[in-house]
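Novice: Would you be able to build a 3D model of this:
(2 chains)
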Amino acid sequence: NAGVTQTPKFQVLKTGQSMTLQCAQDMNHEYMSWYRQDPGMGLRLIHYSVGAGITDQGEVPNGYNVSRSTTEDFPLRLLSAAPSQTSVYFCASSYGQGGYEQYFGPGTRLTVT
Amino acid sequence: GQQVMQIPQYQHVQEGEDFTTYCNSSTTLSNIQWYKQRPGGHPVFLIQLVKSGEVKKQKRLTFQFGEAKKNSSLHITATQTTDVGTYFCGSAGGTSYGKLTFGQGTILTVHP
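Specialist: Numbering: from 1, shown residues only, chains lettered A, B, ... in the order given. I've put the predicted structure just below:
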């Protein structure tokens, strides 16, 4: 199993550009989530999904969209990038919500200039 | 906001010294999870605690869940340079079916 994969590893965007961060898992996990990691702020939950077709907001959802059309994929979209979105983004998956071990992807380091 | 607060934010120790990080909540938690993130890496699951007063050990690591299920600690005995990284606690809050949120993390530096 590849586990949780994320692409790209690194990305530089200009303010106002859009892009999609890809996340895929091959463990048939129902629960998937996106976190951003900033110095001193820990891991903050952006959006999560409890299954295909179902998504919900986390702590810091503004500026981000998600969809879950399949069990395997959970892309994160930035519609109009802002410098405040410069961060490291991690996708995670698990069998269920908070009571289960989370498997994290390798992360995407995004810089918005 | 975040369910759990973690302290300290940074800890520098000499190799061989002990290290402890604490996770606190104002509300009763259904569970607490601990993760380790090596520099440049991604968080990796260490353990989950669910019972009041629970204590679990993994080699030099000891994890505790408070009697009131509002706090937890991770203690490392005789740190080694391989212990370097950021340690996070996370919880689903009052129900194990809730979304998982994390504390701010403790960055551990070990000087040889």
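Novice: for chain A, what are the nearby residues on chain B?
Specialist: Contacts of chain B with chain A, taken as CB under 8 Å from any CB of the partner chain, map to B:1-2, B:6, B:9, B:30-31, B:33, B:35, B:41-45, B:48, B:50, B:88, B:90-93, B:95-105. To be clear about C-beta, it is placed using only N, CA and C from the backbone, and glycine gets the same treatment.
Novice: and the residue of chain A found nearest chain B, how far is that from residue A:22?
Specialist: Here chain A gets closest to chain B at one residue, residue A:98, 2.1 Å apart by CB to the nearest CB. Look at residue A:98 and residue A:22: by CB to CB, to the nearest Å, they are 24 Å apart.
Novice: Looking at those two, which is more packed in?
Specialist: Higher neighbour count among residue A:98 and residue A:22: residue A:98, with 26 against 16, using other CB atoms under 10 Å in any protein chain shown.
Novice: SS state for that one?
Specialist: coil (DSSP: H, G, I helix; E, B strand; the rest coil).
Novice: circling back: please look at the residue of chain A closest to chain B and residue B:30 and confirm they touch.
Specialist: Yes. Taking CB atoms under 8 Å as the definition, residue A:98 is a contact partner of residue B:30 at 7.4 Å.
Novice: Could I get the pLDDT score of residue 11?
Specialist: Because you didn't say which chain, this covers chain A. If you check residue A:11, the pLDDT there is 97.
Novice: was after chain B, sorry
Specialist: pLDDT, residue B:11: 97.
Novice: Show the contacting residues for it.
Specialist: By CB atoms under 8 Å, 6 or more residues apart in numbering or on different chains, the contact set of residue B:11 is B:19, B:21, B:106, B:107, B:108, B:109.
Novice: now do residue B:56
Specialist: Residues counted as contacts of residue B:56 (CB under 8 Å, 6+ apart) are B:47, B:49, B:62, B:63.
Novice: Let me know the helix or strand that it is in.
Specialist: Under the criterion of DSSP states H and E, residue B:56 resides in strand B:55-58.
Novice: For residue A:75, state which of the contacts of residue B:56 is nearest.
Specialist: The nearest member of the contacts of residue B:56 to residue A:75, counting by CB to CB, is residue B:47 at 30.7 Å.
Novice: Tell me the residues of chain A that contact chain B?
Specialist: So chain A meets chain B at A:33, A:35, A:40-45, A:48, A:56, A:58-59, A:90, A:92, A:96-99, A:101-107 (CB under 8 Å from any CB).
Novice: hmm, try it at 6 Å
Specialist: By CB under 6 Å from any CB of the partner chain, the part of chain A that sits against chain B consists of A:42, A:43, A:45, A:48, A:90, A:97, A:98, A:99, A:101, A:104, A:106, A:107.
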